[in-house]
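> Sequence and predicted structure, then a few things I'm wondering about:
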Amino acid sequence: MARTYNVLVGQSGGPTAAINSSLAGVFDTAHSMGAGVLGMRYGIEGLFDDKLFDLSQALRSPADVQLLRQTPSSYLGSCRYKLPHPDESEEPYALLFDLFERNRISAVLYIGGNDSMDTIAKLAAYGERKGSALRFVGVPKTIDNDLEGTDHTPGYGSAAKFIATSVAEIGRDSSVYDLRNVTFVEIMGRNTGWLAGSSVLASQEHAVCPDLILLPESPVTEDALTSRIEELLGQMKSVVVAVSEGARRPDGTLMAEPPTSAIKRDAFGHEAALSGASRYLATLTAARLGVKTRAVEFSTLQRCANHLASATDLEEAYALGGMGVLAALEGKTGVIPAIRRISDQPYMIEYLTIDIASVANRERTVPPDWIRTDGMGVTDDFVRYARPLVQGEALPIYVGGLPHHIQMLTWGR
């Protein structure tokens, strides 16, 4: 294949510990097929300013690609830009397709979550409507694990590994004093509890931790929660509660302050920055039960802790990036490479491609029968699902005693 065939790749939405492994998969596969690989700097939004970069200038050797795979954050930069529907405004599409033509782009791959799949779905539909030969493929990523059509998404396994490890360590730290105490650990998850639920993996034969898990899918009242905590404190001195940032009351309001109406929203209409559930519940519990409380918020650590990345996660992310390129070279457009699970033990999967229109703007929640009947925990089915995804250690490359990362394109340029 002549080098006039160019693949354009971008990253969008929140970073993960595995998103650069997908980028490495795109680069390696396209490069091996003789294609040039251009990167969007700052996603689709950066394209409007012609911010493209030839990845072969930075990834000059297999060692560079390996370092990229083990570097957190989004190497190319990211954005949260929502393309309008072409019926509302065709101008952005005309600008983008002109850029694609000028740079001899034959395939566009976009690594991201629900909102990024919306972008690819619109571009693919517009291209087909205009009779364009361009191929548009989405590559899944999101620590939220809420993408339909795939068993799980790259990024989730590594985030789950960090969450479970940290909750286990917090549980041990909270138990050292001879006094009653409650620790609330706040975990990402706006509308789904996949991340908070993964904290259940912290439990071992001799140590159950966390004691309670609050999920957006299972609203509870403050009265029910504090009553259950009080009951547990009658049996043990230390209680650990994993709480999703999107934990809600039965009336739908967030179990946090300020009220929902005061929370800012992003371009896609999502609540852009939720936090405060752990602080709110710690203050409430201390006042009601008269015990020592602590609030711990993992925040962005759970999506950038590459030093605790799951080897399984990185391998699957790399494979899906490569599959995205192959799908485009086979002439497919408006698709997404996905994972189908064959078995839990032994863990076996297969890869397939699915229509992106079937997953864009849809949100997959934790199944109701994977949530405990009291609404404050998850079942063994959840454990069997999540356990294989955190397997394997992808040890960083250490320099000077600290993990070494590739220089980000977004630094100083």
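Alright, I've got the coordinates.
> right, and residue 335 touches residue 352 too?
No: Residue 335 is beyond contact range of residue 352, at 9.7 Å (criterion: C-beta atoms under 8 Å). Heads up, the C-betas are built off the backbone N, CA and C, glycines and all.
> The two - which one has more neighbours?
For residue 335 versus residue 352, the count of surrounding residues by other C-beta atoms under 10 Å is larger for residue 335: 25 against 14.
> Does the nearest residue to the more buried one once chain neighbours are set aside belong to a helix, a strand or coil?
Excluding its sequence neighbours, the residue lying closest to residue 335 (C-beta to C-beta, 6 or more residues apart in numbering) is residue 353, at 4.5 Å. The three-state label given to residue 353 by DSSP: H, G, I helix; E, B strand; the rest coil is strand.
> how many neighbours does residue 104 have?
The local packing of residue 104 (other C-beta under 10 Å) involves 14 other residues.
> Can we start the residue count at 33 from this point?
Yes, from this point I'll number from 33; that puts the last item at residue 136.
> Give me the distance between it and residue 152.
20 Å (C-beta to C-beta, to the nearest Å).
> mind checking how far the closest residue to residue 87 other than its chain neighbours is from residue 135?
Spatial nearest neighbour of residue 87, chain neighbours left out: residue 69 (4.6 Å); criterion: C-beta to C-beta, 6+ apart. Taking C-beta to C-beta as the measure, residue 69 falls 12 Å from residue 135.
> if I look at those two, which residues touch both of them?
Jointly contacting residue 69 and residue 135 under the rule C-beta atoms under 8 Å, 6 or more residues apart in numbering are residue 38.
> Same drill for these two, tell me which one is more crowded.
Neighbours were counted for residue 69 and for residue 135 using other C-beta under 10 Å; residue 69 has more, 22 against 14.
> Over to the residue in the chain sticking out farthest from the centre. Which of the three states is it?
In the chain, counting by C-alpha atoms, centre = their mean, residue 210 sits farthest out from the average C-alpha position, at 38.2 Å. Using three-state DSSP as the criterion, the local structure at residue 210 reads coil.
> Check whether the residue nearest to residue 87 sits in a helix, strand or coil.
strand.
> For it, list each beta-bridge partner.
Note on residue 69: beta-bridge partners by DSSP bridges are residue 39.
> Quick one: residues contacting it.
Applying C-beta under 8 Å, 6+ apart to residue 69 gives the contacts 38-39, 41, 58-59, 62-63, 86-88.
> Let's see that with 10 Å instead.
Contact analysis of residue 69 by C-beta atoms under 10 Å, 6 or more residues apart in numbering lists 38-41, 55, 58-63, 85-88, 91, 141, 357.
> Distance check, it against residue 245.
Residue 69 sits 42 Å away from residue 245, going by C-beta to C-beta.
> same deal with residue 53?
Taken as C-beta to C-beta, the span from residue 53 to residue 245 is 28 Å.
> do residue 223 as well
16 Å.
> Tell me which of the two has more neighbours.
residue 245 (28 against 16).
> ok but the more buried one is inside a strand, no?
Yes: Residue 245 sits within a strand when classified using three-state DSSP.
> Show the pLDDT at it.
pLDDT, residue 245: 98.
> and if you look at residue 317?
pLDDT for residue 317: 97.
> can you check residue 230 too?
98.
> Can you show me the helices along this structure?
51-64, 75-79, 94-101, 123-134, 146-161, 188-205, 226-229, 254-265, 309-321, 333-336, 343-361, 412-418 (DSSP state H).
> tell me the angle of the fourth one relative to helix 146-161?
This points to helix 123-134. Angle of helix 123-134 versus helix 146-161, following axes from the mean of the first three to the mean of the last three C-alpha atoms, to 10 degrees, is 70 degrees.
> Same check on the third one?
Helix 94-101 runs at 120 degrees relative to helix 146-161, counting by the same axes, to 10 degrees.
> Give the buried residues for helix 94-101.
For helix 94-101, the neighbour count (16 or more other C-beta atoms under 10 Å) marks 97, 99-101 as buried.
> give the contact list for residue 231.
With contact set as C-beta under 10 Å, 6+ apart, residue 231 has these partners: 192, 195-200, 202-203, 217, 219, 225, 241-242, 244-245, 272-276, 409-410, 418.
> excluding its backbone neighbours, what's nearest residue 250?
Closest to residue 250 by C-beta to C-beta, 6+ apart is residue 407, at 3.9 Å.
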